Structure formats: C-alpha cells, structure tokens
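Peer 1: Predicted structure and sequence below. I'll ask about it afterward.
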Amino acid sequence: MIIKDITDLIENIAPVHLQETYDNAGLIIGDKNSEINQILICLDITETILDEAIEKNCQLIISHHPLIFKGLKKINGNNSIEKIIIKAIKNNIAIYAAHTNLDNVINGVNSVLAEKLGLKNLRSLQPKKDIFRKLVFFCPVIHADKVRKAIFEAGAGQIGNYDSCSFNTEGEGSFKALENANPFVGEPRKLHFEKEIRIETIFPFYIENKVVEALLQAHPYEEVAYDIYKLENYFANIGSGIIGEIEEADETQFLSEIKKITSCKCIRHSNLSGKKIKNVAICGGSGSFLIKDAITAKTDIFITGDVKYHDFFEAENKILIADIGHFESEQFTKELLYTIITKKFPNFAVLISENNTNPIHYL
Ligand SMILES: [Zn+2]
C-alpha cells in the first residue's frame with residue numbers, strides 16, 4: 001500500500017477542491033508514493049500524537065485539522081508546529097489532513113454526529129454553488145454509446161444518488177473539411193451533413209480535465225465540438241453544515257440526549273423557548289457563521305462549537321443555539337475516517353489515536 005491509495009480513497013468522498021480558501025487540507029508532509037503499513041487517525045496533530053505514531057510504527061498520520069495553515073518561512077523548531085515537522089520528517093512519518101473538504105460533503109464530518117442524534121433526511125445547511133459545470137457535445141449517432149460511457153466513467157453525469165445522467169437529442173450537424181483536414185466522415189471541401197446526438201451532462205469543476213480528455217479520446221471526430229457552461233445551481237449534497245429531522249422532542253430532553261451521546265461536559269445554550277425540537281441543524285467545529293442560515297432554514301436547534309457571547313444574541317428566540325464544544329462536535333470524524341479506510345481495505349492496519357487532543361478542559 002502507498003499513501004496515494006489511502007488519500008485517493010478519502011478524496012473520492014471529500015475532494016480537496018471542496019475545501020475552503022483559508023484551509024490547507026491534503027498531504028502536508030510526505031511523498032504520496034511512499035509505502036505504508038500502518039495509519040494513525042486523530043483530530044489534531046500534537047507532539048504526543050506524533051510520539052504515538054512513532055511508538056506504534058505508523059508511517060502516516062491522518063488528522064482532521066491541518067498541522068500547517070499558513071506559509072512557513074523557516075523551520076527551526078522554534079514552535080510546536082516546526083518541532084513536529086522536523087520530528088515527523090526525521091522519523092519518516094507522513095501527515096495528511098481531511099478538513100473543510102470533509103466538512104463540506106454530505107457524508108462527512110457532520111453526518112456522523114447527525115446519524116448518532118437520529119437525524120433523517122440529511123442535506124446541506126448552506127449548499128454551495130459554482131461547483132458543477134454543464135458539458136454539451138455533439139456526436140455521430142453510432143458512436144454516442146461509447147462516448148457517453150467514457151465520460152460517465154471519468155465521473156460526469158452524477159447527480160445526488162444517480163449516475164449516468166444525460167439528456168440526448170437527435171439532430172443534424174454540418175461541416176466542410178478544409179485543406180489539411182482529415183475528416184472522419186464526408187469528403188474534403190464538400191459540405192457534409194451527419195446525423196448526430198447532442199449530449200448534455202454535468203460534472204464537478206475539479207474533474208474537468210479528466211472528463212474532457214475522456215471525451216476527446218472516445219470521440220471519433222478530428223475536431224470535437226463541445227461547450228462547457230458554469231452552473232449557478234445549488235446542490236443539496238455539497239456545502240457547510242447539515243440539516244435533518246428527528247422525532248419531536250422537548251428542548252431539555254434533546255439537550256440531555258446530545259450531552260450523553262457526545263460525552264460533553266457542558267452545553268452552553270441560548271434561551272429555552274419551550275418549543276418542541278423537530279428540525280435540527282449541525283455544524284461541527286466553529287459554526288457561528290451559519291446561525292442565520294439555521295434560522296432561515298426554520299430549524300429549531302443549531303448544534304455547533306466555538307459560539308461567542310454576542311453570537312448567542314442572534315438566536316432571538318427563533319432558534320435554540322447549543323454550543324457543545326469544538327472538539328466534542330467533531331470527535332466522531334476519527335470514526336468516519338476509520339470506516340472509510342477499513343471498508344475498502346479491511347485487512348489494513350488503521351489505528352484510532354488513544355490520545356485526547358482537546359485543548360479545552362472543564363472544572
Ligand atoms: Zn475543527
């Protein structure tokens with residue numbers, strides 16, 4: 001097994017292109033072609049975690065939070081990040097992070113907590129737009145199946161729980177081959193009409209090169225006519241936060257349930273209004289930026305971490321804001337990464353760190 005086998009698997013679910021602009025997800029230290037035989041999974045990279053990896057003979061650490069966020073000009077061991085970098089390289093340990101890219105997919109960080117809390121009908125709280133492109137191309141009728149198959153295999157045509165999605169219209173294309181052309185059909189310098197199919201499909205922007213390459217390779221024409229359009233659509237499966245529904249519950253009853261499931265020591269919450277909880281919004285980590293979205297989505301409670309004093313005022317009795325702690329709201333990400341890897345590679349050694357990296361303690 002090489003590192004790339006594992007990172008490709010994770011990025012198939014959470015492409016790094018879906019990370020936020022401030023983020024630094026992906027392979028941070030190491031060579032993607034290096035051999036590995038054991039992985040350690042954690043939320044944060046600390047020196048204790050690195051020591052655990054060394055002791056347990058793990059060659060790759062996968063964490064949720066990236067070790068490095070900003071550019072470093074010197075690596076002298078003057079702070080804990082620089083020390084970890086030096087020690088990791090000396091010990092031949094690679095470091096990888098699946099951060100906001102794993103937050104922004106429907107089967108990511110938020111879905112694990114959502115499922116544990118019994119939420120149904122999951123969708124993104126703040127869906128993203130500008131993720132998909134529309135591909136339109138024209139293909140001789142008898143070659144349509146082959147070309148369609150090639151672009152679907154390259155990843156085009158996936159919408160939610162469906163794949164191989166396309167729209168096909170028959171028509172007639174015209175062209176006249178000029179000097180130096182080598183036409184697949186028709187004669188040089190003669191206007192030619194050919195029965196063609198206009199095929200329309202979509203793909204996420206980050207696989208554009210792969211899809212266009214598959215199209216050009218499978219298409220029989222010397223010059224392939226194709227268009228790519230930006231789409232303004234929002235897609236319910238990609239975005240920040242998650243929403244879903246539960247069986248109706250009392251506010252305090254549901255808060256106690258959250259406390260039990262997440263083993264959190266304390267929930268900081270806004271005013272109790274006495275309303276029942278049915279629609280639930282979740283954002284693991286620092287989710288205050290989604291309070292307005294959670295209200296607009298008419299959810300009854302917003303569960304997140306890192307809520308500041310003034311943020312609680314935004315509730316205005318329209319929603320119950322519950323701050324369960326940053327670490328507590330993301331703790332199940334370790335399980336998620338473990339499941340993703342062991343489902344595909346059941347015999348590979350994947351360890352979940354035994355160290356609790358939560359820097360916040362409660363008295
Ligand atoms: Zn976080």
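Peer 2: Received it, and whenever you're ready, just let me know what you need.
Peer 1: neighbouring contacts of whichever strand or helix holds residue 209?
Peer 2: If you go by DSSP states H and E, residue 209 is part of helix 208-218. Residues from elsewhere that reach helix 208-218 (Cβ atoms under 8 Å, 6 or more residues apart in numbering): 133, 135, 137, 143, 146-147, 149-151, 153-156, 203, 224, 226, 228. For the C-beta atoms, the positions are set from N, CA and C on the backbone; glycine is no exception.
Peer 1: let's see it at 6 Å
Peer 2: If you take Cβ atoms under 6 Å, 6 or more residues apart in numbering as the criterion, helix 208-218 is touched by 146, 147, 150, 151, 154, 156, 203, 224.
Peer 1: Of the residues you listed - the most surrounded one?
Peer 2: residue 156 (28 neighbours; other Cβ atoms under 10 Å).
Peer 1: hang on, the earlier thing: state the pair within the contacts of helix 208-218 that is farthest apart.
Peer 2: Taking Cβ to Cβ as the measure, the contacts of helix 208-218 reach their widest spread between 146 and 203, a distance of 18.0 Å.
Peer 1: so what's residue 195 bridging to?
Peer 2: Here residue 195 sits in beta bridges with residue 172, as judged by DSSP bridges.
Peer 1: actually residue 203, not the one I wrote
Peer 2: residue 133.
Peer 1: before we move on, back to that, got the buried residues for the helix holding residue 209?
Peer 2: Applying a neighbour-count criterion of 16 or more other Cβ atoms under 10 Å, one finds 208, 211, 212, 214, 215, 218 buried in helix 208-218.
Peer 1: residue contacts, the residue in the stretch 51-200 of the chain positioned nearest to the ion?
Peer 2: Of all residues in the stretch 51-200 of the chain, residue 65 sits closest to the ion, at 5.6 Å by Cβ to the ion. Residues in contact with residue 65, defined by Cβ under 6 Å, 6+ apart, are residue 44.
Peer 1: Wasn't it part of a helix?
Peer 2: No. With DSSP: H, G, I helix; E, B strand; the rest coil as the criterion, residue 65 is located in coil rather than a helix.
Peer 1: Just the pLDDT at it, thanks.
Peer 2: Residue 65 carries a pLDDT value of 97.
Peer 1: Equivalent analysis for residue 317, please.
Peer 2: The model's pLDDT for residue 317 equals 88.
Peer 1: Now do the nearest residue to residue 104 once chain neighbours are set aside: how many residues are near it, please.
Peer 2: Leaving aside its sequence neighbours, residue 104 sits nearest to residue 18 (Cβ to Cβ, 6 or more residues apart in numbering; 4.7 Å). When neighbours are counted by other Cβ under 10 Å, residue 18 registers 22.
Peer 1: what's residue 18 sitting at in phi/psi?
Peer 2: phi -90, psi 0 (degrees, to the nearest 10).
Peer 1: and after the helix holding residue 209, which helix or strand comes next?
Peer 2: Counting by DSSP H and E, what follows helix 208-218 is strand 226-230.
Peer 1: Helix 208-218 and that next one, what's the angle between them?
Peer 2: Angle, strand 226-230 to helix 208-218, by axes from the mean of the first three to the mean of the last three Cα atoms, to 10 degrees: 160 degrees.
Peer 1: Report the buried residues of strand 226-230.
Peer 2: By neighbour count with 16+ other Cβ under 10 Å, strand 226-230 contains no buried residues.
Peer 1: partner strands of that strand, parallel or antiparallel?
Peer 2: Short version: by DSSP bridges, strand 226-230 pairs with strand 132-140 (antiparallel).
Peer 1: just the CA coordinates of the strand it pairs with, formatted as PDB?
Peer 2: Written as PDB, here are the backbone C-alpha positions of strand 132-140 (Å, rounded to 0.1, in the frame of the first residue of the first chain):
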ATOM      1  CA  PHE A 132     -20.800  22.000 -11.300                       C
ATOM      2  CA  ARG A 133     -20.300  22.600 -15.000                       C
ATOM      3  CA  LYS A 134     -22.600  21.600 -17.900                       C
ATOM      4  CA  LEU A 135     -21.000  19.700 -20.800                       C
ATOM      5  CA  VAL A 136     -22.700  19.800 -24.200                       C
ATOM      6  CA  PHE A 137     -21.200  18.000 -27.100                       C
ATOM      7  CA  PHE A 138     -22.300  16.600 -30.500                       C
ATOM      8  CA  CYS A 139     -21.500  13.000 -31.500                       C
ATOM      9  CA  PRO A 140     -22.400  10.800 -34.500                       C
END
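Peer 1: which residues of this structure fall in helices?
Peer 2: 3-13, 47-55, 80-90, 100-103, 109-116, 144-153, 208-218, 251-262, 291-296, 309-313, 326-330, 333-344 (DSSP state H).
Peer 1: just how off-centre is the longest strand seen in the chain within its chain?
Peer 2: Scanning the chain for the longest strand, with DSSP state E as the assignment, gives strand 234-249. Its chain's average C-alpha position is 15 Å from that of strand 234-249, according to Cα atoms, centre = their mean, to the nearest Å.
Peer 1: what about the residue in the chain positioned nearest to the ion, distance to residue 306?
Peer 2: Nearest to the ion in the chain, going by Cβ to the ion, is residue 285, at a distance of 3.3 Å. Going from residue 285 to residue 306 by Cβ to Cβ, to the nearest Å gives 7 Å.
Peer 1: And for residue 166?
Peer 2: 43 Å.
Peer 1: burial of residue 78, as a residue count?
Peer 2: Every residue meeting other Cβ under 10 Å relative to residue 78 is counted, giving 9.
Peer 1: ugh, wrong one, I meant residue 10
Peer 2: The number of residues near residue 10, taken as other Cβ under 10 Å, comes to 23.
Peer 1: That one is in contact with residue 98, isn't it?
Peer 2: Yes. Using Cβ atoms under 6 Å, residue 10 is in contact with residue 98, at 5.3 Å.
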